[in-house]
Structure formats: C-alpha cells, structure tokens
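Novice: Pasting the sequence and the predicted coordinates here, then a few questions.
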Amino acid sequence: MPDRYFIDEPISGPRAVLSGAEAHHLIHVMRAEPGMEVTLFDGGGDEFSARVESVGRSEAHLSILSRQRVVRESSIDVTLGVALPKGERQRWLVEKATELGVARIVPLLTDRTVARPNEQTLTRLRRSVVEASKQCGRNRLMRIDAPQSWPDFIAATVGEPNRLLAHPTPAKRPPPTVKNHLKYVLAVGPEGGFSDAEAAAAAAAGWRLVDLGPRMLRVETAALLLAGIAASGLHLAGVQ
Ligand code: SAH
C-alpha cells in the first residue's frame, strides 16, 4: 500500500493542501520532493492518487490525479461501548479497534470507570484513529463519541439488535442467539467490572450477557475479542 495521508476536509477540487502532522510526516519524515506520488483520503470513503507540486516548511501542495471508491469497511456495523483503560492501553485499544473495522467507540462512564476522557484525550485518540487508518487502509474514520454514562448508553441503544454485554458469570449460561449479523452494539466494563446493578439494568433493557471464557481478560482484550468476532462476521460458539 503506498504512503497514505489524511486530509481533514472533503477533497473536491483538483488540488489539496496538507498541513499539520500529516504535512510534517510527508515533508520531514518522507522528505517529499515535487513529483512524488502519494495516496490521500479524507474520511469520506474515497481514495485519491495525488502528486506533490510544492513543499513548504509546514505545508505541501498537491494536485489530485484520480479518485477511487475503495471499500475496506466491515459490512457489519459495530458500536463498541467501553469503559476505557488508562494511558497507553487506551491508545492501543483504539488503534486495534480501528484495524478490526469497528464503526464507533463510545467511552462509557460506569460506577467503576477509571479513565474519564476529556476533550484533549479524545483529540489524541482521534489522531490514533487517523494513524491506524493510514496503516490499515481504512478510508472512513472510526468515530469516537463523547463519553456517555451507562444509563444514557442503555437508553440511547434501546431497540438496537444484538446488544451484547461482556460480563463474566460464574454459572455458565448458553451463549445468546443473535437475530442477524449486520449490526452489533457491544459493551465492555472497566477493570473493576460492571456492578451487579449495571448488568441488571442492561438485562432489563434487553441486553444479552456474554461470558468470554474462564480467564479474566483486561478491558482492551475483552473489547477486541468481542469486536473482532462481531466485525469479522465470525460466530460466537453456539450463536446462530
Ligand atoms: N474485576 C472484574 C473483571 C473486570 S474485567 C470481575 O472480577 O468481575 C473488565 C471487563 O472486561 C469486564 O467488565 C467485562 O466487560 C470484560 N471481561 C473480561 N473478562 C471477561 C470474561 N471472561 N467474560 C466476559 N467478560 C469479560
């Protein structure tokens, strides 16, 4: 895959200007010269072949050579509600969820949530989405929504199909059956787990509780396991 650069506004005309971190990468890391050809994407789903026309200290001007629709999205619409872990593990989770094709992450504020992302953190995480999309070839950006409280998330997802809550259960119950595999809403709790009341509120609203096996997984492992199964179209054992 040729070097890909993200432009934070829709590309429409015959030219585009790269600035900020993307320009830095092109100019100072890749040492771009006029004539060099690169791929651009703007998050709208298309990919553009472009040629570097001129290079400044912090901006590069490019001409658009062609526009192609290249779909590398999952055909399954996965929303992942997750009580984010802290620090580097948070960034890692966002990077891998982007690679797996998750459509949207909603940071959950639960009773035991440890990390409450502020605007600055969200901006940094959205930047990780761009980095991961450049690498894995996604032409649409995974959304990271503003944090939602657990009751708000339950309310906002009422009526959605296939709402699965990862919750370790000592008494194993059969895995849930899901109606179709086109859309999932998933929820993974914080390191301290969902409280019993939180799990009960979800169950009352129609969520199915899923157990992910006998080992206790870190938040990000549980999130990526569940999101990976959902986005890939693979089936949980016993799920029809
Ligand atoms: N300390 C908690 C575990 C929290 S693990 C406890 O003892 O219950 C963090 C989150 O990852 C959980 O809230 C759950 O959503 C998910 N998770 C981790 N391991 C899991 C498993 N084996 N089955 C189902 N969910 C799991």
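Specialist: Nice, I can see it.

Novice: Buried residues in the longest helix along the chain, which are they?
Specialist: For the chain, the longest helix by residue count, based on DSSP state H, is helix 119-136. In terms of neighbour count (16 or more other C-beta atoms under 10 Å), helix 119-136 has its buried residues at 121, 125, 128-134, 136. Glycine gets a C-beta too; all of them are placed from N, C-alpha and C.

Novice: And for stretch 204-218?
Specialist: Of the residues in stretch 204-218, 205, 207-212, 217 count as buried by neighbour count, 16+ other C-beta under 10 Å.

Novice: can you narrow these to ones near the ligand?
Specialist: With C-beta under 6 Å from any ligand atom as the criterion, these include 211-212, 217 near the ligand.

Novice: where does the protein have low pLDDT?
Specialist: Residues of the chain meeting the criterion pLDDT under 70: 1-2, 170-174, 235-240.

Novice: How about the residues of it by the ligand?
Specialist: Residues of the chain lying close to the ligand by C-beta under 6 Å from any ligand atom are 166-168, 188-189, 191-194, 211-213, 216-217, 219, 222.

Novice: Pull the most distant pair out of those residues.
Specialist: Pairwise distances across these peak at 19.3 Å for G192 and G213 (criterion: C-beta to C-beta).

Novice: in which helix or strand would I find the nearest residue to L226 once chain neighbours are set aside?
Specialist: Take L226 and drop its neighbours on the chain: the residue closest to it by C-beta to C-beta, 6 or more residues apart in numbering is L186, 5.1 Å away. When elements are assigned from DSSP states H and E, L186 belongs to strand 183-188.

Novice: can you check V17 too?
Specialist: Taking DSSP H and E as the definition, one finds V17 inside strand 15-18.

Novice: Quick one: name whatever helix or strand follows that strand.
Specialist: From strand 15-18 onward toward the C-terminus, using DSSP H and E, the following helix or strand is helix 20-24.
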